[in-house]
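Visitor: need coordinates for the following:
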Amino acid sequence: MFIKNFKQLSAKDVAIAGGKGASLSEMTRAKMPVPPGFVVLASAFDEFLKISDLNVEIAAILKKVNSQDIKSVEEASIKIRDLIRDAEFPEEMAREIKKSFKDLGAEFVAVRSSATAEDSAIASWAGELESYLDITEGRIAAAIQKCWSSLYTPRAIFYRFEKNLHERKVLVAVVVQKMIQSEVSGICFTAHPVTKDLNQMVIEAGWGLGEAIVGGIITPDTYIVDKPTLAILDVNVSRQEKMISQSTVGTRETAVPRERQTVQKISNKDIVALAKICKKIEEHYGAPQDIEWALEGGKFYIVQSRPITTL
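Guide: Presented below is the predicted three-dimensional model:
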């Protein structure tokens, strides 16, 4: 009732699965190398708010917010996030999630917020919603509640008022996906994001989990590929001294061994193999894509794809 796996959804399901959930499902159906997963649908968050009677309380807190006063916004955020985090997780929902987790056959999962609104006013802060990595079965309900509550970060509340959305219903779905313990990870832009050249792909790569690049913690390697021929046009290797890797409570920052700090992250052969996959994804969607990828045990996995909106 509250969950669908990637094979049961498609690109048309943004309203119930969010942009991330719909995209991963679409790529799964198109036989792209997406790690298996499921989506806790937006209706689950709606039901959770109803069961726990939080709708009225949240609306009352938002009503008192002075959006011009950062302290007022921050206080509202803390109150609402605490309410969501401390509310009891619905039993029926927990059972369904537990079953789906077991069906994945994974010890660890990535739990990511997936915003359900398509219009740009909301999509512009959807990227601020939270993700949690290396989550075990015992910690999944808490991680889902944190993803739900990230709709009410100070920044998200401020945006609601700025875009006049504070009286509008905004929901979030949550993607639960088998965790890839990537040796190398990164981003591929299937068109050059700076020069806007549609015939060039730009691949960024760094040691460890992709959060190091996404969070701006490291400067990744950059490889430029000619899209029509898949010829490598440029390889720029960056020194990398730290990376994000798995820990007993999620993830942690660790040092990159000295001998690997100045080494090219993926071979030229792998650059071409990855470019091929990303080119196929672009062809499937019919538009340039911003793709997140991970390499584990010599195999590439795609963990996100969205259109490049700046072209």
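Visitor: name the helix or strand for the closest residue to Ser10 other than its chain neighbours, please.
Guide: In space, Ser10 comes closest to Glu26 once its chain neighbours are excluded; the distance is 5.2 Å by Cβ to Cβ, 6 or more residues apart in numbering. For every residue, glycine as well, the C-beta is placed using N, CA and C. In this assignment (DSSP states H and E), Glu26 forms part of helix 14-29.
Visitor: elements contacting that helix?
Guide: strand 3-5, strand 37-40, helix 42-51, strand 109-115, strand 172-178, helix 268-285, strand 299-307 (3 or more Cβ pairs under 8 Å, 6 or more residues apart in numbering; DSSP states H and E).
Visitor: partners of the second one, with directions?
Guide: It stands for strand 37-40. Its sheet considered, strand 37-40 pairs with strand 3-5 (antiparallel), strand 172-178 (antiparallel) by DSSP bridges.
Visitor: show me where the stretch 101-250 of the chain has its helices.
Guide: Taking DSSP state H, counting those that start in this stretch as the test, the helices found in the stretch 101-250 of the chain are 120-126, 140-149, 154-162, 211-214.
Visitor: so what's the gap between stretch 187-203 and the chain middle?
Guide: 21 Å (Cα atoms, centre = their mean, to the nearest Å).
Visitor: what residues of that stretch count as buried?
Guide: Of the residues in stretch 187-203, those with enough neighbours to count as buried (16 or more other Cβ atoms under 10 Å) are Ile187, Cys188, Phe189, Thr190, Ala191, His192, Pro193, Gln200, Met201, Val202, Ile203.
Visitor: quick check: end-to-end length of it?
Guide: Stretch 187-203 has its terminal residues 6 Å apart, counting by Cα to Cα, to the nearest Å.
Visitor: do the same with stretch 28-48
Guide: Distance across stretch 28-48, first residue to last, is 28 Å (Cα to Cα).
Visitor: of all the helices of the stretch 101-250 of the chain, which one is nearest Gly37?
Guide: With distances scored as Cβ to Cβ, the stretch of these nearest to Gly37 is helix 140-149 (12.2 Å).
Visitor: tell me the pLDDT at the closest residue to Lys299 other than its chain neighbours?
Guide: Among residues not flanking Lys299 along the chain, Pro33 sits closest, at 7.0 Å (Cβ to Cβ, 6+ apart). Pro33 is assigned a predicted lDDT (pLDDT) of 97.
Visitor: so where's the stretch 1-150 of the chain uncertain?
Guide: In the prediction, the stretch 1-150 of the chain carries residues with pLDDT under 70 at positions 117-127.
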